[in-house]
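*Asks:* sequence-free structure coming up:
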């Protein structure tokens, strides 16, 4: 085996992980518009009373997804129940947003959900008046949630805009693993449903509930 084979294979794997996560971040979204924005940050199982690394990152990605062009009425909704322990993921994330980032904007907490389908079900009443809807998580998980929103409330689907949950070089070493897991978790979507959206329109999605 030539000396460059393994490094080249490793580099190709990293590029693949970056490409696929970026692609998912651009799928089932519309072009941004003016007006209020609802940023939904999905929680991750938190086994201790301290917020874990994944949820800390999701808070950061959620707050940067608020953007500078959001109008009055913009809200950040943290969603996730007490799945890993007695404290809801959403409450840990909301506390972290205030203590670590000193976020002073409007925050709502949805603390009953135990899975992605329930996340969407329970946040819809909190976000249905917003002009723009942003769903934040790792890109594959966020895509799955956007697909669930289209399934549950197709009238809200054209308000979905892209989150700032993909950045080149962020989580790079883990992106191949995230890509592999994402392919498994999104197996209910067709190839057409995984194509990045064109500007100003979202691709149609029909995804089975999981």
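*Replies:* Received, thanks. These numbers come from a predicted model, not from an experiment.
*Asks:* going forward, measure contacts between C-alpha atoms and count neighbours the same way
*Replies:* OK.
*Asks:* Residue 118: helix or strand, and which one exactly?
*Replies:* Assigned by DSSP states H and E, residue 118 falls within helix 116-127.
*Asks:* helices or strands up against the next helix or strand after that helix?
*Replies:* For helix 116-127, the following helix or strand on the C-terminal side (DSSP H and E) is strand 132-136. In this structure, strand 132-136 packs against strand 37-42, helix 53-64, helix 139-152, with contacts taken as 3 or more CA pairs under 8 Å, 6 or more residues apart in numbering; DSSP states H and E.
*Asks:* And the ones you listed: which comes nearest residue 87?
*Replies:* With CA to CA as the measure, helix 53-64 is the member of the helices and strands packed on strand 132-136 nearest residue 87 (13.2 Å).
*Asks:* Okay, angle between the closest one and strand 37-42 too, please.
*Replies:* Direction vectors for helix 53-64 and strand 37-42, defined by axes from the mean of the first three to the mean of the last three CA atoms, to 10 degrees, enclose an angle of 180 degrees.
*Asks:* mean confidence for helix 53-64?
*Replies:* Model confidence over helix 53-64, given as mean pLDDT, is 97.
*Asks:* on that earlier part again, can you point out the buried residues in the helix holding residue 118?
*Replies:* Of the residues in helix 116-127, those with enough neighbours to count as buried (16 or more other CA atoms under 10 Å) are 116-120, 122-123, 126-127.
*Asks:* Just put the residues you listed in a markdown table and tack on pLDDT and distance to residue 175.
*Replies:* Putting those into a markdown table (pLDDT from 0 to 100; distance: CA to CA, whole Å) gives the following:
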| residue | pLDDT | distance to residue 175 |
| --- | --- | --- |
| 116 | 95 | 21 |
| 117 | 95 | 24 |
| 118 | 97 | 26 |
| 119 | 98 | 24 |
| 120 | 98 | 25 |
| 122 | 98 | 29 |
| 123 | 98 | 28 |
| 126 | 97 | 31 |
| 127 | 97 | 30 |
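*Asks:* can you tell me the helix or strand for the closest residue to residue 173 other than its chain neighbours?
*Replies:* Ranked by CA to CA, 6 or more residues apart in numbering and with sequence neighbours excluded, the top spatial neighbour of residue 173 is residue 14, at 6.8 Å. Element membership of residue 14 [criterion: DSSP H and E] is helix 5-25.
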